[in-house]
Structures are given as structure tokens and as C-alpha cells.
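Visitor: Here is my input; please provide its structure:
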Amino acid sequence: MFGKIFGSVFTGSMYGSGPTVFAVWAYVIATARPPGTCELNPRLLADCIGCSVDDVRKAIEYLCAPDPNSRNPEHEGRRLLHIEAYTYQVVSWQKYRDMRDDESRRAYQREWIARKRRERKDASANADNVSTRSVDKMSTNVRQTSTVDTCLSMSTKAEAEEEEEEKKKQGTQKVSTVSTVSTSTRKPRNCSTVSAFALPDWVPRDDWDAFVAMRQSLRKPMTDRAKQLVVLELDRLRKAGHPPGLVLQQSIRRSWQDVYALREPATQQVQQQSAASKWTGSGV
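Guide: Next comes the predicted model:
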């Protein structure tokens, strides 16, 4: 993976935070993956950066702490949100990813326009050379063919008039035959309509909205038909003992485009979810 580091990171509210903080933040930008999550293991980062484990932990705590001077006021200016274990959510990931894609798109458009201008310029130069050589040849051919065309036009005029009269006679007969065939072979219209999607009451609305937003961040938005199929799969898993809310949360955590049976028992996932919420609430 890779990511762009904007110059504003060195002049914003992180100014003066120390080399370890900037090194950890650069690692976050380079390793973050859709929908903006990354893995931060203090021991691994300490060996990678060349510092102590305590320095890495302090840098992670700094990035997870509120920052009233941050350019992004979401989550009180925090740059990272702890999800579970070593997994963190990058708050501004989608914002800066869109900026990166826009700059890449503009650079591609500038290069494409310049290439097209060069191609048109070369094509016009070649056309000028060809036209000067062909003008003389065309003038000679016109003089030779004008006499032949005059003779042929007189002989074919009579033949054309006879063919026109014969076509008119045959046309009246074909019109009646085609009209009867078209009315007999016409197929009825298909009047079936696709019903609009409605979320069942047994699907948690918050988890469903978060799953839909995750799919959009992956650039894989769902149609109404796709939503119906996902709900059918949730109903099948629900009857098999898998709560729909936990199934959707599992797909969100793992950035899955579909829903699957729980990898861990439902009771264990509820315990992990409560422990993660307490950890996040403590401000780590």
C-alpha cells in the first residue's frame, strides 16, 4: 500500500510533536486500507522506526487524543479511533483520499489534452502534404471522367424511370402483406415491475446504515436488488442462530462486501464489543 503525505501535515497542529509521532503517522498513511483502517503493533513499529516501544505507544496515544486545533473537527480533532486490539480507524482517510484521486485525475486530464493536441498537430501537417500532391491528380481525373459521365447519364436515365415505375407497383402489394404479418407477430409488452426495497424491522437500522456506508466507501454501492439479496441471507443466518446485528458488524470490521456466518460465537462477540466500547470511551 501507499499514500500521499500532504505538506500541511508539517505546518498544522502536529507541528513540534516530535519525530516519532510523524514516523508513526507516515506509517498509518502508507498502510491504511479501505475503509480507512490500519494495524498498529507497538513492538513491530519500534523495530521498524528504530525507537523504543514506549515512544511508539506515546505517539499512538497522541494521535488518539482530542486536538482542538485540528483542521478536521470530527471526533474532537482525533486523528485515530481505536476499534479493537491493534486495529485503528483513520478519521480523515476518506477526505484525503478524495483529494488524492482528484489531483491524479487532473494530472491525467492535462497529459491527455497535451497528447491529443500533439496528435492533431501532426495529423494536420500530414494532411497538408497529402493534399498538395493529390490536387493535380484529381484535376486530371475530373477532366477524363466528365466526358464519360455525360454519356452514361443519358443512357441510364431511361432505365431508372422504368425501374421506378416497377417499384411503385410492387410496393403497393408489399405494404398490405407486411401490415398483416406485423400485427400477428407483435409480442405483448412486459408490464412486470420491481418492488421497492424496504428494510425489515428485525434488522438493526444503525448496523444496516453503517454496512451500506462501508459498501459506498469501497466504491461498491448496492442496488435495491442487491439489498434484498443481503436481507434474504441475513434471514437465513438469523434462523441458523446468527444475530443480524453481529453479522453486519463482522462484515464492517473486516470490510466484507457480503454477509457470512459468525466466525466466533455470538456470546463471545458481544463480550468483545462491550470491552471495545469501554476501551474507546476511556479516551485511549
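Visitor: you'd agree residue 214 is up against residue 89?
Guide: No: between residue 214 and residue 89 there is no contact under Cβ atoms under 8 Å: 11.4 Å. Yep, even glycine has a C-beta here, placed from its N, CA and C like the rest.
Visitor: Name the residue in these two with the higher neighbour count.
Guide: Each of residue 214 and residue 89 has its neighbours counted (other Cβ atoms under 10 Å); residue 214 has more, 20 against 16.
Visitor: and the more buried one, backbone torsions?
Guide: Main-chain dihedrals, residue 214, degrees, to the nearest 10: phi -60, psi -40.
Visitor: Pull up the gap between it and residue 97, please.
Guide: 14 Å (Cβ to Cβ, to the nearest Å).
Visitor: And the pLDDT for residue 87?
Guide: Listed pLDDT for residue 87 reads 95.
Visitor: Go ahead and confirm it touches residue 37.
Guide: Yes: in this structure, residue 87 is within contact of residue 37 by Cβ under 8 Å, at 5.8 Å.
Visitor: Between those two, which is the more surrounded one?
Guide: More crowded of residue 87 and residue 37, by other Cβ under 10 Å: residue 37, with 18 against 14.
Visitor: show me what contacts that one?
Guide: Residues in contact with residue 37 (Cβ atoms under 8 Å, 6 or more residues apart in numbering) are 83, 87, 88, 89, 90, 255.
Visitor: Sketch out the low-pLDDT regions of the stretch 1-150 of the chain for me.
Guide: For the stretch 1-150 of the chain, the stretches with pLDDT under 70 are 1-2, 100-101, 131-132, 134-137, 139-150.
Visitor: Tell me the secondary structure of the closest residue to residue 8 other than its chain neighbours, please.
Guide: Distance criterion Cβ to Cβ, 6 or more residues apart in numbering; nearest residue to residue 8, sequence neighbours excluded, is residue 71 at 7.4 Å. Counting by DSSP: H, G, I helix; E, B strand; the rest coil, the backbone at residue 71 sits in coil.
Visitor: And for the one 10 residues further on?
Guide: Taking three-state DSSP as the rule, one finds residue 81 in the strand state.
Visitor: What sits closest to it if chain neighbours are left out?
Guide: In space, residue 81 comes closest to residue 89 once its chain neighbours are excluded; the distance is 4.3 Å by Cβ to Cβ, 6+ apart.
Visitor: just checking, that neighbour touches residue 83?
Guide: Yes: the pair residue 89 and residue 83 passes the contact test of Cβ under 8 Å, sitting 5.6 Å apart.
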